[in-house]
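A.B. asks: The amino acid sequence is not available; the structure is as follows:
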């Protein structure tokens with residue numbers, strides 16, 4: 001089974017890379033779809049779920065809970081429910097067959113399935129430029145920079161709650177992709193070839 005997980009810095013183009021890579025491999029990509037599945041489970045607004053998924057979860061539950069989702073389910077809090085539900089959804093989607101999963105700690109949640117783990121990053125200038133190009137709200141550079149730092153920090157914290165490994169640490173991924181100054185679609189053919197070869201050998 002070909003399971004590929006993508007963790008990414010905000011603005012690095014990881015979401016686009018995941019979708020283009022999945023198309024190239026002819027397999028599904030789950031990103032927004034993960035949120036849609038959680039919406040069905042809890043009947044919450046999709047924008048609200050996406051917001052609390054990226055919020056500062058240090059204020060929601062202590063680090064001592066770690067990755068014990070059984071403990072998390074006992075806490076009556078939307079953020080806890082969403083985190084636990086995302087875990088279930090990720091496990092169910094991965095069990096259905098080949099796929100690409102973007103973010104939400106899928107690389108850690110699915111570690112027993114031995115996914116091909118990718119981390120996507122870029123320099124600050126490239127990330128800000130990409131965000132400015134795609135912004136629908138007209139944010140300026142300073143606003144995007146603040147958002148970038150906040151979201152990446154929260155992704156790092158969430159990852160720490162699931163695992164002892166370092167989010168973004170090169171030793172924890174099969175491939176780290178630097179998208180600085182690159183057009184995402186230009187990277188896909190080489191990545192597709194590399195990943196196909198990797199799965200043939202494992």
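C.D. replies: Now that the structure is in, tell me what you want to look at. Worth saying up front: this structure is predicted, and the values here are computed from it rather than measured. Numbers count the residues shown, from 1 in each chain.
A.B. asks: Now do the buried residues in stretch 110-125.
C.D. replies: 110, 115, 116, 117, 118, 119, 120, 121, 122 (16 or more other CB atoms under 10 Å). (Glycine included, C-beta is placed from N, CA and C.)
A.B. asks: what sits up against it?
C.D. replies: 1-9, 11-14, 17, 90-91, 94, 101, 106-107, 130, 145, 148, 163, 168, 170, 172-181, 195, 198-199, 202 (CB atoms under 8 Å, 6 or more residues apart in numbering).
A.B. asks: Would you show me how to pick out the buried ones of the residues you listed in ChimeraX?
C.D. replies: With 16+ other CB under 10 Å as the criterion, this ChimeraX line picks the buried residues out of the contacts of stretch 110-125:
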select :2,3,4,5,6,7,8,9,11,12,13,14,17,90,94,101,106,107,130,145,148,163,168,172,173,174,175,176,177,179,195
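A.B. asks: Which of the contacts of stretch 110-125 fall within helices?
C.D. replies: 14, 17, 90-91, 94, 106-107, 130, 145, 148, 195, 198-199 (DSSP state H).
A.B. asks: quick check, nearest of these to residue 25?
C.D. replies: Nearest to residue 25 among the ones in helices among the contacts of stretch 110-125: residue 195, at 7.1 Å, using CB to CB.
A.B. asks: For that closest one, which residues are in contact?
C.D. replies: Applying CB under 8 Å, 6+ apart, the residues contacting residue 195 are 2, 4, 21, 25, 116.
A.B. asks: and if you look at residue 94?
C.D. replies: Residue 94 touches 3, 101, 106, 110, 113, 115, counting by CB under 8 Å, 6+ apart.
A.B. asks: Tell me the pLDDT of it.
C.D. replies: Reading off the confidence values, residue 94 has pLDDT 91.
A.B. asks: Nearest residue to the middle of this protein?
C.D. replies: Among the residues of the chain, the one closest to the centroid is residue 103, at 0.8 Å (CA atoms, centre = their mean).
A.B. asks: So what would you say the end-to-end distance of stretch 100-118 is?
C.D. replies: 10 Å (CA to CA, to the nearest Å).
A.B. asks: any idea of the mean pLDDT for that stretch?
C.D. replies: 92.
A.B. asks: what's the distance between residue 32 and residue 91?
C.D. replies: 18 Å (CB to CB, to the nearest Å).
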